[in-house]
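**Q** Any chance you could fold what I've pasted below:
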Amino acid sequence: MIQAAHVVLHSREPERLRAFFRDVLNFPSVDAGRGWLIFALPPSEMAVHPHDGPGHHQLYLMCDDLEATVKELEAKGVEFTKPVNELRWGRLAAFRLPDGEEMYLYEAKHASPLAGVGRG
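**A** Numbering: from 1, shown residues only. Okay, here's the model as predicted:
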């Protein structure tokens, strides 16, 4: 049976992105050879949303306290590109990755299959 997911981010600046996930977000990693870092991710959940156009995939990092996490990341020099936005299903902000791309940070309001798993 499936026991995990492997997420791949494509970047024009992979070394900078790897350093960000290692040094700023403090994600544990192993070197798979030649500096190719494979990161452990926090527990995850997946949703399937309807979409009229071509399918696409998104990665949101989740936290339990969005304001506190934004402050912590800003103190480490992370630039937020979208302020905290209150939505029906959660709270959302976006930040700039070192390669210029944007990533979302999300505090869910909905029930989660991760309840009690130790998200955070």
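
**Q** in which helix or strand would I find residue 18?
**A** Per DSSP states H and E, residue 18 falls inside helix 14-19.

**Q** I'd like to check what contacts that helix. Which residues are they?
**A** 9, 11, 29, 35, 37, 97, 98, 99 (Cβ atoms under 8 Å, 6 or more residues apart in numbering). Placement of C-beta: from N, CA and C, glycine included.

**Q** Taking those together, which two end up most distant?
**A** Farthest pair in the contacts of helix 14-19 (Cβ to Cβ) is 35 and 97. Separation: 18.5 Å.

**Q** So those two - more neighbours on which side?
**A** The residue with more neighbours, out of residue 35 and residue 97, is residue 97; 19 against 9, by other Cβ atoms under 10 Å.

**Q** I'd say that one and residue 103 touch.
**A** Yes: between residue 97 and residue 103 a contact is recorded at 5.5 Å, counting by Cβ atoms under 8 Å.

**Q** Which residue is the nearest non-sequential neighbour of residue 22?
**A** Spatial nearest neighbour of residue 22, chain neighbours left out: residue 29 (5.8 Å); criterion: Cβ to Cβ, 6 or more residues apart in numbering.

**Q** tell me the contacts of the one you found?
**A** Taking Cβ under 8 Å, 6+ apart as the test, what residue 29 contacts is 18, 21, 22, 37, 38, 39, 40.
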